[in-house]
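1. Would you be able to build a 3D model of this:
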Amino acid sequence: MKVCLDFVHMKEWTHSNSSWTTIVVLRFYCWWDDSENMFGDAREMILHYFLADDTIEIREVYPPNAGRDTVACFIRRFKVPKMVPDLPLPGKATRRTVLNTFGPIGKGGRYILDSLKTGAMDLEYYKAADITIGSVLNIWGRKFLVCDCDEFTKEYYMTNFGITNFEPVNFQKDMGLPVDRQWPPFNGWGSWEDSLGNCLKVIPEPPKRDFKKFIEKDRYGLESNILRFLSIFNDGKGDSGKRFIISVYLSDDSIQVNEIPMAGGGGVAGKFIEKGAVVLPGTKLIGSTTVPSYYKPVHFYVGAEVEINKFKFRIIDADEYAFRYMEKHPEEFSVADCNAIQSKLLPIINSKRDDFVDFFARNDPNNEGKVPYAPFRNVVKQAAGDNLNEHEIMTLGRHFAYRADDKVPTEILATIAQDILRKSNFENFHKLNNALKYMDLHGTGYLPPEVVRSVLRSNRVPLPDDVTRLLIGSRDTNDQGHIQYSPVVDLLNWRDFTMEPLDPRTKIPPELVTIWPGDTDKDRVLEVDYKSLHNWLFN
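-> Predicted structure coming up:
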């Protein structure tokens, strides 16, 4: 007899031939689908068929965390009839039939048994030939689908019954076990996520925010992580003169709209739309069973048309922080990706290359290599049409902006810094000076610029990063590249070294404007270096 790991065998004494015989067991893998009943589901079983006496034993396979008590045997070893008989009357189904009794009742009485068993019930039991892959067995009212068997069973059926096809049955795929769960329709109370919390837990909990995104994109130090856009009404009634600032919070993608006060407007300016998530136009909320789609930061750029709470806005400008943030993350904002803009602009400009060059030559009679931003914007818009939006044209202008001298006078930097510190009521200049001296281990009076900047940040000096960078960069360095830190503290000390106020006509660089006025001044890009743009496009 062949013995293998998949073959269960044992020794048993048989009375027929008064000898020890080996019991061979066939193993089948089957499923019992009880999903039609309440709280029922599909359960995996292993069926053992004993060839010695044609009995069947079934054991259940318990997956991890099944939640059921592990029972050693689902159905104990027994001969299983093909058809479950009705419950017989008492005395009808017995091992032996009593034909007659005689003698006294009780002690001394005798009886005659039916040795031929003429009253025994004739039932048809399952045999090995009845169990094949794909067959459905009715075992005590439960339907078991035979899906596969072990290698020994396959060899047994191939030898004794000539069966060669043992392709397993994929029960999960055929029976469709995964069920698509649908949430109850939204009834309009609270937000969609808040209402969903009532369906997930018995005791509702408030919706959980994306904590990782909140930590990465929340305001910290001088980094606001808020994109602000200037917009007007886009209701088709013309420009009403009202201006709005749309603030997009990167920490949770919430949106807030504020109205800019107008001189003589007569209306009440301030908060126009409360901060919160805004669904995209056309999204049905009432009765919806799926997660709604919300506005994301990528939906906001110069030239975009957005609809917030039934109010239609058209974005006409953005603040400097928004432009810089989008240009630092071109993989997220395609309108600020120069490579993507080049791939869209180059096929259009190739056919009009000579006209493109002639236009810039006419607007640059002195051949200085630069043109004003307005003609540059007009020619690109005329050539590209609707293929480029306003923000993409502004990205090109900012990328190839002509900057003759980026150095800002120290007096302007000191005046702006002192004004910010005065409004913030910062006066810890003596402590700041001591902290810098502590970092100067050799007492030379000089420190690396990055160390000075780190000390300013650690002492919570409320200066924007651009102002700090330009102020430190304006100082002269020694042979080692270090700067003298005491004059830096003196420039910030508005108590002892007060600077004269700036002339209102003084032009402040856009990177030093800490509070965006919300106007449409395009002076941040005055001229465009068209020669660099030409080389970049047709390299």
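2. Please state the offset of stretch 181-191 from the chain centre?
-> From the chain centre to the centre of stretch 181-191 is a distance of 21 Å (Cα atoms, centre = their mean, to the nearest Å).
3. Please identify the buried residues of it?
-> By 16 or more other Cβ atoms under 10 Å, the buried positions in stretch 181-191 come out as Phe186. For the C-beta atoms, the positions are set from N, CA and C on the backbone; glycine is no exception.
4. mean confidence for that stretch?
-> Averaging pLDDT along stretch 181-191 yields 80.
5. Spatially, which residue comes closest to Thr415, not counting chain neighbours?
-> For Thr415, ignoring the flanking residues on the chain, the nearest one in space by Cβ to Cβ, 6 or more residues apart in numbering is Met499 at 4.4 Å.
6. Apologies, that question was intended for Pro85.
-> Leaving aside its chain neighbours, Pro85 sits nearest to Leu123 (6.4 Å; criterion: Cβ to Cβ, 6+ apart).
7. So what's the residue count around that neighbour?
-> Per other Cβ atoms under 10 Å, the neighbour tally for Leu123 reads 13.
8. And for the one 10 residues further on?
-> Using other Cβ under 10 Å, the number of residues around Ile133 comes to 21.
9. what do you get for Arg453?
-> For Arg453, the neighbour count with other Cβ under 10 Å is 20.
10. So it, which state does it fall into?
-> Each residue gets one of three states, and Arg453 gets helix by DSSP: H, G, I helix; E, B strand; the rest coil.
11. if I look at it, how far off is Ser288?
-> Shown here: Arg453 relative to Ser288, a distance of 50 Å by Cβ to Cβ, to the nearest Å.
12. Asp235 now?
-> 27 Å.
13. before we move on, what about Lys208?
-> Per Cβ to Cβ, Lys208 is found 20 Å from Ser288.
14. Same question for Leu533.
-> From Leu533 to Ser288 the distance is 47 Å (Cβ to Cβ).
15. mind listing the helices in the stretch 301-450 of the chain by residue range?
-> Using DSSP state H, counting those that start in this stretch, the helices of the stretch 301-450 of the chain run over 320-328, 338-350, 353-362, 373-384, 390-399, 410-423, 429-439, 449-458.
16. Would you mind putting the CA coordinates of stretch 336-349 into CSV?
-> In CSV, the C-alpha atoms belonging to stretch 336-349 read as follows (Å, rounded to 0.1, in the frame of the first residue of the first chain):
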residue,chain,number,x,y,z
ALA,A,336,3.3,75.9,-12.3
ASP,A,337,5.3,73.1,-14.0
CYS,A,338,7.6,74.7,-16.7
ASN,A,339,8.2,71.4,-18.4
ALA,A,340,4.5,70.7,-18.8
ILE,A,341,4.0,74.2,-20.1
GLN,A,342,6.9,73.7,-22.6
SER,A,343,5.4,70.5,-23.9
LYS,A,344,2.1,72.3,-24.6
LEU,A,345,3.6,75.5,-26.0
LEU,A,346,6.4,74.1,-28.2
PRO,A,347,4.2,72.4,-30.9
ILE,A,348,2.2,75.7,-31.2
ILE,A,349,5.2,78.0,-31.4
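17. Averaged over its residues, which helix or strand of this structure has the lowest pLDDT?
-> Within the chain, judged by mean pLDDT, DSSP states H and E, the helix or strand with the poorest mean is strand 8-14; its value is a mean of 47.
18. which ones are touching Ala269?
-> When contacts are counted by Cβ atoms under 8 Å, 6 or more residues apart in numbering, Ala269 is found next to 258-262.
19. Quick check on it: phi, psi?
-> phi -90, psi 170 (degrees, to the nearest 10).
20. Now do the same for it: its pLDDT.
-> For Ala269, the model assigns a pLDDT of 74.
21. Number of residues surrounding Val489?
-> For Val489, the neighbour count with other Cβ under 10 Å is 19.
22. Wasn't it part of a helix?
-> Yes: counting by three-state DSSP, Val489 is found in a helix.
23. Could you list the low-pLDDT ranges of the stretch 251-400 of the chain?
-> 263-267 (pLDDT under 70).
24. Emit the ChimeraX select command for whichever of the contacts of Ala269 are buried.
-> To isolate the buried ones among those in ChimeraX, judged by 16+ other Cβ under 10 Å, type:
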select :258,259,260
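25. Identify the farthest-apart pair in the contacts of Ala269.
-> Among those, the pair separated by the greatest distance (Cβ to Cβ) is Asn258 and Met262, at 12.9 Å.
26. quick revisit: where's the residue nearest to Pro85 relative to Asp86, distance?
-> Going from Leu123 to Asp86 by Cβ to Cβ gives 12 Å.
27. Also Tyr156?
-> For Tyr156, the distance to Asp86 - Cβ to Cβ - is 35 Å.
28. cool, Ile308 as well?
-> Here the distance between Ile308 and Asp86 works out to 72 Å (Cβ to Cβ).
29. Who has more neighbours out of the two?
-> When Ile308 and Asp86 are compared for neighbours, Ile308 comes out ahead with 20 against 6, by other Cβ under 10 Å.
30. for the more buried one, what are its contacts?
-> When contacts are counted by Cβ under 8 Å, 6+ apart, Ile308 touches 246, 255, 257, 273, 278, 295.
31. Share the number of residues neighbouring Asn339, please.
-> 8.
32. Ignore what I typed, I meant Val528.
-> As a burial measure, Val528 scores 26 neighbours (other Cβ under 10 Å).
33. Isn't it up against His399?
-> No: if you go by Cβ atoms under 8 Å, Val528 and His399 don't touch, sitting 9.2 Å apart.
34. residues in contact with stretch 122-140?
-> By Cβ under 8 Å, 6+ apart, stretch 122-140 touches 26, 28, 30, 47, 49, 51, 54, 56, 58, 75, 79-85, 143-149, 156-157, 160-161, 163, 165-169.
35. Regarding it, how distant is the last residue from the first?
-> For stretch 122-140, the separation between the terminal residues is 17 Å (Cα to Cα, to the nearest Å).
36. Show me which parts of it are buried, residue by residue.
-> For stretch 122-140, by 16+ other Cβ under 10 Å, it's 126, 128, 131, 133, 137, 139.
37. So what's the predicted local confidence for the fourth one?
-> In this case it means Ile133. We have a pLDDT of 93 for Ile133.
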